[in-house]
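1. any chance you could fold what I've pasted below:
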Amino acid sequence: MIVPDLASHPDVNSSGDSAQQVETRTLRSLPELEEIRFFWERWPGNRDSDLDFYSTVLTASPQSVRPHVIVIYRGGQPDAILVGRIDSRRIDNFRMGYFRVKPKAVILYFVYGALRGNPSFENSELFVEEICKSLSRGEADLAYLNFFEPDAHIYKLAIKKPATLRRDYAGISQTHFALTLPASIEAFYKGLSPKVRKNQKWQAKKLAGDFPNAVTIKCFKDPSEVDSLSDIADQITGKSYQRGLGVGFVNNPQARERLRLKATKGWLRAYVLYLADCPCAFWMGDINRGIFGSDYLAFDPAFAKYSPGMYLILQVIEGFCKGTDEAVTGIDFATGRAQYKEILSTREWQEISVYIFAPSFKGLALNAIRTVAGGIDKGLKRVLVQTGLLQKIKKAWRARLRPAQ
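-> Residues are numbered from 1 along each chain as shown. The predicted model follows:
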């Protein structure tokens, strides 16, 4: 294990006596990250902030410029990190409903689950101060902190500590859904509503009747299967509304490289439903620390009457409950509302993303755009929810975006 000489490093800010000395250092190259690998891997965290996964995404993306990982040392040892990178690209989450404003900017992007180690108030304050300093130095036009719970110290400080014109006044709030698996399949189905149980039983019976002995599910998890999986997922996604929205799985070298890394680490689990040898739905994710993390779900609308996406999910969950496939104790459905998440989840909580803007003309202009777009978006959603039109508009919009068959 290599512990760097912090005292002589130009990017280190120090305070306190030697026993309790606190140093903040920003790592801006991949070799520097290796210096703290021992601590980084020891701290639990989300897959997106795993060192190897983060490095793979960084090097595979043409939009990513370099690492930007903030490390707080106490008594000469790393105490916490905030995992980020510098991206040069268009901002894709300034939105008004399904319409997006996409200004180009240099973004200091902190990944989901960026904070590893000690999330104390003191460390969180140091992180926010260092982000503000980086923006003041012109390293980026704005910083993006990717979904923290509202009671997290770093979120509270990020919306209050920056100067007034640099604060985010239109935080993006999303619901995070998760399922804790019970000890048996019977207990799982008992937890669903009678209506859901009846509908799924009827649809499964119809599926088996219309495709006798021709309903199969294949699990992809080996590195050699990544290219085939990517082609299948791209084929199905291309028929769904997701492609029209510019979301969902994208079959490019960067995505395949991420899948290949997951497979190499033993994480990858992607399930494809075949009807008479035709792939009609897939559910893609990974298993980490006993939790299946859901990434992508899509189905061919030609088979919509069978609810193939829900059928596939339930079959996979049955396998988890039986324990014949994996030692999985729960499913992380991630953020964003969807009917299947609301039906299946046993837990939900709010998470909020927040921006901090640079004290430059462009940074302040981006804040103005963000505030206006966010205000309109929230106002539209409030009206549509109150009038009961939100789900109808979503359904109509998705149908319009679905490619012609």
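2. could you chop this structure up by domain?
-> Structural domains assigned to the chain are 6-173+352-387, 182-328, following automatic domain parsing.
3. low pLDDT regions in the stretch 251-400 of the chain?
-> Counting by pLDDT under 70, the stretch 251-400 of the chain shows low-confidence ranges at 324-325, 375-400.
4. returning to that earlier point: out of the domains of the chain, which comes closest to Thr346?
-> The closest approach between Thr346 and any of those, judged by CB to CB, belongs to domain 182-328 at 7.1 Å. Heads up, the C-betas are built off the backbone N, CA and C, glycines and all.
5. that closest one: end-to-end distance?
-> 10 Å (CA to CA, to the nearest Å).
6. Glu342: which of the domains of the chain is closest?
-> Between Glu342 and the domains of the chain, the tightest spacing by CB to CB is seen for domain 182-328, at 10.5 Å.
7. quick one: Leu179 and Glu342 touch, right?
-> No - Leu179 lies out of contact with Glu342 (CB atoms under 8 Å); the separation is 11.2 Å.
8. which of the two has more neighbours?
-> Under the criterion of other CB atoms under 10 Å, the comparison of Leu179 against Glu342 puts Leu179 first, with 23 against 12.
9. please name the nearest non-neighbouring residue to the more buried one.
-> Ile331 (4.4 Å; CB to CB, 6 or more residues apart in numbering).
10. take the domains of the chain and write them to a markdown table, including distance to Gly336 and mean neighbour count.
-> Shown next, in a markdown table, are these (distance: least, CB to CB, whole Å; neighbours: other CB atoms under 10 Å):
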| stretch | distance to Gly336 | mean neighbour count |
| --- | --- | --- |
| domain 6-173+352-387 | 11 | 18 |
| domain 182-328 | 10 | 17 |
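11. which one, of those, ends up nearest to Thr335?
-> domain 6-173+352-387 (6.2 Å).
12. which ones are touching the residue nearest to the spatial centre of the chain?
-> Central residue of the chain (CA atoms, centre = their mean): Tyr112, 5.9 Å from the mean position. For Tyr112, the set of contacting residues under the criterion of CB atoms under 8 Å, 6 or more residues apart in numbering consists of Asn46, Asp48, Ser49, Asn146, Phe147.
13. secondary structure element holding it?
-> Per DSSP states H and E, Tyr112 falls inside strand 104-117.
14. and Asp231, by the same measure?
-> Assigned by DSSP H and E, Asp231 falls within helix 226-237.
15. CA atoms only for that helix, dumped as PDB, please.
-> This file holds the C-alpha atoms of helix 226-237, laid out as PDB (Å, rounded to 0.1, in the frame of the first residue of the first chain):
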ATOM      1  CA  VAL A 226     -21.800  -9.700 -24.200                       C
ATOM      2  CA  ASP A 227     -21.900  -9.000 -27.900                       C
ATOM      3  CA  SER A 228     -24.900 -11.300 -28.500                       C
ATOM      4  CA  LEU A 229     -26.700  -9.800 -25.500                       C
ATOM      5  CA  SER A 230     -26.100  -6.300 -26.700                       C
ATOM      6  CA  ASP A 231     -27.500  -7.100 -30.200                       C
ATOM      7  CA  ILE A 232     -30.600  -8.600 -28.700                       C
ATOM      8  CA  ALA A 233     -31.200  -5.700 -26.200                       C
ATOM      9  CA  ASP A 234     -30.700  -3.200 -29.000                       C
ATOM     10  CA  GLN A 235     -33.100  -5.000 -31.200                       C
ATOM     11  CA  ILE A 236     -35.900  -5.000 -28.600                       C
ATOM     12  CA  THR A 237     -35.200  -1.400 -27.400                       C
END
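16. which strands or helices does that helix pack on?
-> strand 215-220, helix 253-265, strand 268-275, strand 278-288, strand 291-299 (3 or more CB pairs under 8 Å, 6 or more residues apart in numbering; DSSP states H and E).
17. list of residues touching the first one?
-> Contacts with strand 215-220, where a contact means CB under 8 Å, 6+ apart, come from 207-208, 226, 228-229, 268-275, 312, 315-316, 325.
18. if we use 6 Å, what do you get?
-> Residues lying outside strand 215-220 but in contact with it, judged by CB atoms under 6 Å, 6 or more residues apart in numbering, are Leu207, Leu229, Ala270, Tyr271, Val272, Leu273, Tyr274, Gln315.
19. do you know the pLDDT at the first one?
-> pLDDT, Leu207: 94.
20. tell me which element the closest residue to Ile86 other than its chain neighbours is part of?
-> Counting by CB to CB, 6+ apart, the nearest residue to Ile86 once its immediate chain neighbours are dropped is Val65, at 4.3 Å. Counting by DSSP H and E, the element that carries Val65 is strand 64-74.
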